[in-house]
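Trainee: Pasting the sequence and the predicted model now:
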Amino acid sequence: MKPTIDEVKKFFFEAKLHGWAADVPSSSVPGKPGYKRITFKRGRFLLVDEWCTTGHSRMSAGTSTIFCDKEPVWFMSYTGFYEKVAIPFLKLALLRSYQAREFNGGRGPNDFEQKGMVYSNEVDLDDFENFQGCESVTRKGRGQKLLGEHHYYGVSLLRESD
């Protein structure tokens, strides 16, 4: 039976609250050196988060895929970089949206500030079935410093093509 978009979206928030932003331990991905993975399963649904980093630069890239009955039904991809000092704040911003069940392109709130750090999420398309944007973390102060950013996009695989 085909899942509804509402079922997939409800699972998205539940899974993300049990994922990377919540400091759930990751595992290596067999056959993919440099990749990490976190999975969350509930009933018919499975979320697989995979990302990679390299020692050659600050860059990272990843995907989140939701499966229903072993079929992919939703997909997100992101790429960019984050300084290590920004990661705890990034996780806090993401959790804030996931706990509030606010989609915002699948990332954090539009704006969030705490202890001299600013998270900004500029969403170009903001529909659970078709989304894209760019998030960033900066440190306030003289000459505000960019601590990282990710460009992201995604789509529901259940939607009919345009």
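Mentor: Done, it's in. For clarity, every value in this text was computed on a predicted model and none was experimentally measured. Numbering: from 1, shown residues only.
Trainee: hey, let's count contacts and neighbours off CA atoms from now on
Mentor: Noted.
Trainee: Looking at the chain, name the residue that lies furthest from the middle.
Mentor: Taking CA atoms, centre = their mean, the residue of the chain most remote from its mean C-alpha position is residue 142, at 29.7 Å.
Trainee: How about the secondary structure of that residue?
Mentor: At residue 142 the chain is in coil, as set by DSSP: H, G, I helix; E, B strand; the rest coil.
Trainee: could you measure it against residue 115, distance?
Mentor: Distance of residue 142 to residue 115, given as CA to CA, to the nearest Å: 15 Å.
Trainee: Could you do residue 136 as well?
Mentor: Separation of residue 136 from residue 115 (CA to CA): 16 Å.
Trainee: can you check residue 12 too?
Mentor: Distance from residue 12 to residue 115, by CA to CA: 29 Å.
Trainee: Also residue 60?
Mentor: 25 Å.
Trainee: Which one of the two is surrounded by more residues?
Mentor: residue 60 (16 against 8; other CA atoms under 10 Å).
Trainee: Pretty sure the more buried one sits in a strand.
Mentor: Yes: read with three-state DSSP, residue 60 is one of the residues of a strand.
Trainee: what sits against it?
Mentor: Contacts for residue 60 (CA atoms under 8 Å, 6 or more residues apart in numbering) come out as 51-54, 79-81.
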